[in-house]
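1. structure of the sequence below:
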Amino acid sequence: MRRFSICALLHLLFLLAIFLLFLQGCTRQVLRTYPASQDEIQLATSAFTRYRQIYQAECPCCLDAEVDAAVSVSGLFSNHTWKLSGYLQAMEPGYIKFVALNPLGQPILILLTNGNTFKSLNVSESRAYSGSVNSETFRKFAPAGFDPENSYYWLTGRLPPENIKILEVKRDKDQNGYWLKVRFGQSGVDNMILFDPKEFVILQHIVLSARDDLLLDLVYEEYQPGYVGDKHLAESDQEKIGSTGSNEVICKIPTKITVSSSSGAEKKIDLKLFSLIPDAEFSPDGFELEIPDSFEQLIVN
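-> All right, here's what the predicted structure looks like:
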């Protein structure tokens with residue numbers, strides 16, 4: 001086993017981007033909003049609080065699906081897109097496994113993280129990379145505000161089960177939802193959440209810098225129905241937000257996730273999930289993999 005310099009990671013950027021889903025950027029985000037009334041603020045806040053309670057208490061812990069992934073980088077002089085297909089497995093709070101397959105169904109790339117460490121196996125080259133998510137190299141490609149220990153929630157359009165302070169609520173002009181400016185715990189990093197109280201889903205999640213510059217933009221679309229549950233909203237509140245009744249489909253999963261950021265060049269990651277397995281369950285052991293002795297092993301610093 002040997003160590004290697006950061007320059008040796010250049011060809012790994014795409015691999016890291018797939019399981020990180022996040023590339024650091026900085027650009028001003030302009031949201032189309034207008035002020036919400038006090039009644040709307042109360043309703044949106046109440047629905048959002050109940051949404052978090054239900055998703056934490058009742059929704060599945062795991063994700064198991066096939067996936068098509070595309071990474072696009074648009075610069076001043078060139079545009080590049082890379083595509084991979086395979087399957088994606090995840091478990092809360094930060095377990096992720098991505099296996100890319102060739103047309104014959106054979107693994108060509110395996111990426112794993114448990115929220116604390118990661119492994120990347122390039123099968124065709126018999127080479128493996130591993131290291132800590134707190135390493136300098138890993139953090140170089142992860143934006144401020146991204147917590148690897150909670151990556152499952154970012155992937156599934158949910159929020160981690162920690163204290164969230166709602167700072168502001170505004171009505172969105174283009175969609176039937178509310179923009180909630182929130183802060184997680186003592187992070188000091190503000191997030192903009194586009195929440196739909198009728199569908200009980202998050203449509204967009206934006207991470208902001210201290211100067212309100214955009215670090216990361218995640219868009220969640222094409223939610224797959226979950227199961228019927230009870231929102232436990234007051235009947236009067238259901239009428240005001242347009243709910244059809246207390247029994248609503250909850251625990252929905254987005255099957256189209258778009259992640260974008262900008263740092264010199266525009267970067268976008270598109271994930272399309274399909275063939276989701278309902279009620280998937282995993283254990284931490286499912287996200288462990290012994291590196292074959294025949295592989296060259298490289299430690300990321």
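
2. for stretch 162-176, buried residues please.
-> 164, 169, 170, 171, 172 (16 or more other CB atoms under 10 Å). Just so you know, the C-beta spots here come from the backbone N, C-alpha and C atoms, and that holds for glycine as well.

3. repeat for stretch 283-293
-> 287, 291.

4. first to last residue in it, what's the distance?
-> End-to-end distance of stretch 283-293 (CA to CA, to the nearest Å): 25 Å.

5. that one: how far from the chain's middle?
-> 23 Å (CA atoms, centre = their mean, to the nearest Å).

6. now do the same for it: mean pLDDT, whole number.
-> In this model, stretch 283-293 carries a mean pLDDT of 92.

7. before we move on, what about stretch 221-237?
-> Over the span of stretch 221-237, the pLDDT mean works out to 62.

8. which helix in the protein has the most residues?
-> helix 38-58 (DSSP state H).

9. buried ones in the following helix or strand past it?
-> Per DSSP states H and E, the first helix or strand lying C-terminal to helix 38-58 is strand 62-74. Buried residues in strand 62-74, counted by 16+ other CB under 10 Å: 62, 63, 64, 65, 67, 69, 71, 72, 73.

10. ok, what's across the strand from the fifth one?
-> Residue 67 has these beta-bridge partners by DSSP bridges: residue 86, residue 273.

11. any figure for the gap between it and residue 199?
-> Counting by CB to CB, to the nearest Å, the gap between residue 67 and residue 199 amounts to 23 Å.

12. swap in residue 183?
-> For residue 183, the distance to residue 199 - CB to CB - is 24 Å.

13. so how far is stretch 80-99 off the chain centroid?
-> When C-alpha coordinates are averaged (CA atoms, centre = their mean), stretch 80-99 and its chain have centres 11 Å apart.

14. low pLDDT regions in the stretch 151-300 of the chain?
-> When residues are selected by pLDDT under 70, those of the stretch 151-300 of the chain lie in 187, 226-248, 262-266.

15. show me where it has its helices.
-> Assigned by DSSP state H, counting those that start in this stretch, the helices in the stretch 151-300 of the chain fall at 151-155, 235-241.

16. quote the end-to-end distance of stretch 177-190.
-> Per CA to CA, stretch 177-190 runs 19 Å from first to last residue.

17. next, find the distance separating residue 48 from residue 92.
-> Distance of residue 48 to residue 92, given as CB to CB: 19 Å.

18. farthest pair within the buried residues of strand 62-74?
-> 62 and 73 (31.1 Å; CB to CB).

19. now do stretch 45-65: distance to the chain's middle.
-> Distance, centroid of stretch 45-65 to centroid of chain: 15 Å (CA atoms, centre = their mean).

20. dump it to CSV, restricted to CA.
-> Only the C-alpha atoms of stretch 45-65 are listed here, as CSV (Å, rounded to 0.1, in the frame of the first residue of the first chain):
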residue,chain,number,x,y,z
THR,A,45,-44.5,26.0,9.1
SER,A,46,-47.0,23.6,10.6
ALA,A,47,-47.1,21.4,7.6
PHE,A,48,-43.2,21.4,7.3
THR,A,49,-42.9,20.5,11.0
ARG,A,50,-45.4,17.6,10.6
TYR,A,51,-43.7,16.5,7.4
ARG,A,52,-40.4,16.1,9.2
GLN,A,53,-42.0,14.3,12.1
ILE,A,54,-43.7,11.8,9.8
TYR,A,55,-40.8,11.2,7.5
GLN,A,56,-38.5,10.6,10.5
ALA,A,57,-40.9,8.2,12.3
GLU,A,58,-42.6,6.3,9.5
CYS,A,59,-40.6,6.3,6.3
PRO,A,60,-38.2,3.6,5.2
CYS,A,61,-34.5,3.7,6.2
CYS,A,62,-33.1,2.5,2.9
LEU,A,63,-33.1,3.0,-0.9
ASP,A,64,-32.4,0.3,-3.5
ALA,A,65,-32.7,1.2,-7.1
